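**Student:** Pasting a predicted model and its sequence here:
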Amino acid sequence: MHTRRIGDVEVSAIGLGGMPMSIEGRPDEERSLATLRAALDAGVTLIDTADAYHRDADEVGHNETLIAKALAGHDRGRDVLVATKGGHLRPGDGSWTLDGSPAHLKRACEESLKRLGVEAIGLYQFHRPDPRVPYAESVGALRELLDEGKIRMAGVSNANPDQIREANDVLGGRLVSVQNQFSPAFRSSEPELRLCDQLGIAFLPWSPLGGISRAAELGSAYAPFARIAEAHGVSPQRVCLAWMLAKSPVVVPIPGASRPETIRDSATAPELRLSAGELAELDAV
């Protein structure tokens, strides 16, 4: 398995986004566990989750609990870096709310620790800026969690370039990751990707295939991805992930999956080599 680095930890070049296994339209638990086991068998060593990845109000942390169960029952479970997040909430009515207060983030981290069954969370990320709370205060909570040993590494999500720089300053140069939306349909995070490349910070594209409802349509929506996929005898989704990996050595895509076959396909993307001409054609989409 091809690898990349997040902080001082070596991880698989393709991670797994756990959200589709826990929100609306999710599969039954056995299929979700089979998907997680397939990821581990394929060499995936980065799994992304969040306490807000759940459907109903009374099941906060559903995805974290599911991942902990899968890792505990697999002989490669100890090799996985679990990246979770706090600061985003789901009341259970399908909406999303925010709480970036230091008090909430510290409580959320404690609850995530319990659900994951670990003494320290491998990577903890501030999920989304809360306009009611100064950004430095929210990130300051992560700094305290780092200093207390509750988390091993800290990151931010849904951040702009100024927030990335501010977070790195608040953390004393210890910011290791930025998790932003990035896909053929959502290219506005290019500035954040370039900044992460300059700073040597891992950039983790979420919904890299366009999101739960659009991933299957990537080839039909963007002809160059389908054409290049056909030329290589692979899926358009695999082409998309290989294109992202070619952008920078700091990029680690985290495609969501709810079926074993989809994560198996995604995990092979680092083996696909695209020509300079193909990459240019995809960049122009």
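**Tutor:** Thanks, I have it. Numbering: from 1, shown residues only.

**Student:** For this structure, which segments count as helices?
**Tutor:** Ranges of helices in the chain, per DSSP state H, are 29-41, 62-72, 102-116, 135-148, 161-170, 190-199, 218-221, 223-232, 236-247, 260-267, 276-283.

**Student:** Export these as a markdown table, with columns for mean pLDDT.
**Tutor:** What follows is those, written out as a markdown table (pLDDT from 0 to 100):
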| stretch | mean pLDDT |
| --- | --- |
| helix 29-41 | 98 |
| helix 62-72 | 98 |
| helix 102-116 | 98 |
| helix 135-148 | 98 |
| helix 161-170 | 98 |
| helix 190-199 | 98 |
| helix 218-221 | 90 |
| helix 223-232 | 97 |
| helix 236-247 | 98 |
| helix 260-267 | 98 |
| helix 276-283 | 97 |
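
**Student:** Which among the ones you listed is found nearest to Asn180?
**Tutor:** Each of the helices of the chain was scored for nearness to Asn180 using CB to CB, and the closest is helix 190-199 (5.3 Å). Bear in mind the C-beta positions are built from the backbone N, C-alpha and C, glycine included.

**Student:** about what we covered before: output the helices of the chain as a markdown table; include the columns distance to Asp93 and mean neighbour count.
**Tutor:** Formatted as a markdown table, these follow (distance: least, CB to CB, whole Å; neighbours: other CB atoms under 10 Å):
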| stretch | distance to Asp93 | mean neighbour count |
| --- | --- | --- |
| helix 29-41 | 23 | 19 |
| helix 62-72 | 16 | 22 |
| helix 102-116 | 19 | 18 |
| helix 135-148 | 24 | 19 |
| helix 161-170 | 28 | 18 |
| helix 190-199 | 31 | 16 |
| helix 218-221 | 30 | 16 |
| helix 223-232 | 36 | 17 |
| helix 236-247 | 31 | 23 |
| helix 260-267 | 29 | 20 |
| helix 276-283 | 39 | 14 |
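
**Student:** As TSV, these with distance to Ala154 would be great.
**Tutor:** As requested, those are exported to TSV (distance: least, CB to CB, whole Å):
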stretch	distance to Ala154
helix 29-41	24
helix 62-72	17
helix 102-116	11
helix 135-148	4
helix 161-170	8
helix 190-199	14
helix 218-221	32
helix 223-232	34
helix 236-247	23
helix 260-267	26
helix 276-283	31
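
**Student:** who wins for proximity to Gln125 among those?
**Tutor:** When the helices of the chain are compared by CB to CB, helix 135-148 sits nearest Gln125, at 8.1 Å.

**Student:** and that closest one, what other elements does it pack with?
**Tutor:** helix 102-116, strand 123-126, strand 154-157, helix 161-170 (3 or more CB pairs under 8 Å, 6 or more residues apart in numbering; DSSP states H and E).

**Student:** partner strands of the second one, parallel or antiparallel?
**Tutor:** Sheet partners assigned to strand 123-126 using DSSP bridges are listed as strand 81-86 (parallel), strand 154-157 (parallel).

**Student:** where's the closest residue to Arg90 other than its chain neighbours relative to Leu98, distance?
**Tutor:** In this structure, Arg90 finds its nearest non-sequential neighbour in Ala52, 5.1 Å apart by CB to CB, 6 or more residues apart in numbering. From Ala52 across to Leu98, the span is 10 Å (CB to CB, to the nearest Å).

**Student:** The two: which is more packed in?
**Tutor:** A count of neighbours by other CB atoms under 10 Å puts Ala52 above the other of Ala52 and Leu98, at 25 against 17.

**Student:** quick one: the more buried one and Gly92 touch, right?
**Tutor:** No. Contact criterion CB atoms under 8 Å: Ala52 and Gly92 do not qualify, at 10.9 Å.

**Student:** Could you report the neighbour count for Glu59?
**Tutor:** 14.

**Student:** Can you give me every residue that contacts it?
**Tutor:** Contacts for Glu59 (CB atoms under 8 Å, 6 or more residues apart in numbering) come out as none.

**Student:** likewise Pro131?
**Tutor:** Counted by CB under 8 Å, 6+ apart, Pro131 has contacts Leu98.

**Student:** Can you tell me how far it is from Val80?
**Tutor:** 34 Å.

**Student:** Need the outlier residue of the protein, farthest from its centre.
**Tutor:** Largest separation from the mean C-alpha position in the chain: Ala231, at 29.1 Å (CA atoms, centre = their mean).
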